[in-house]
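K.L.:
quick one, structure for this:
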Amino acid sequence: MSCDAVAAAAFIWLASTSPVNTSHGLTLAAAEAPPPSVAGEPLFIDIVARARKLKAETEGFLKDDLSGAADTLPDYAGFKARVAQLSDLDMQGHVTLAQRGAKDDLKCILRGISQDLPVRIKDLEAAATPKARTDALKEMTYLLRDNVEVITAPPQPAA
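P.N.:
Purely as a prediction, here's the structure:
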């Protein structure tokens, strides 16, 4: 048997026994494992706790009289400051993950939430009617819920 025939036979044999997932065309080595969870780290525990408290506070505002401006809500100045602090922590989470070289979506989502929280505050302050204030508060509630869920959800491989 010539060297070319042996090489061809070896190539075919190796190809037929390689660990290939034919349904996706990927080798097992190429598939990425999910990143480690950060939900148990102090920074992210703090983010989740703050987001949960702010979500509860926001839901409480939805039960209040929304006929006045945002600054008439109970302890609105404190609420606004706590939202700003959470925004800063979300950005810190983004930076921490970026420094680790994280390739999953969490770091980008945290950055987006960090940027969206001040926008939601501005929307609430700009709301001229009770319905507009209700809508702004609901949007804030959804964002705060998402802030908790993206950290506590099981990690997924990068998309």
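K.L.:
helix or strand for P34, which one?
P.N.:
Under the criterion DSSP states H and E, no helix or strand holds P34.
K.L.:
should've said L89
P.N.:
Going by DSSP H and E, L89 is in helix 76-99.
K.L.:
which other helices and strands contact that helix?
P.N.:
helix 42-63, helix 106-126, helix 130-152 (3 or more Cβ pairs under 8 Å, 6 or more residues apart in numbering; DSSP states H and E). To be clear about C-beta, it is placed using only N, CA and C from the backbone, and glycine gets the same treatment.
K.L.:
so can I have TSV of the ones you listed showing distance to A98, mean pLDDT and mean neighbour count?
P.N.:
Converted to TSV, these look like this (distance: least, Cβ to Cβ, whole Å; pLDDT from 0 to 100; neighbours: other Cβ atoms under 10 Å):
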stretch	distance to A98	mean pLDDT	mean neighbour count
helix 42-63	13	98	16
helix 106-126	5	97	18
helix 130-152	15	97	18
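K.L.:
mind checking which of the ones you listed is nearest A77?
P.N.:
For A77, the closest of those is helix 106-126, at 11.4 Å, according to Cβ to Cβ.
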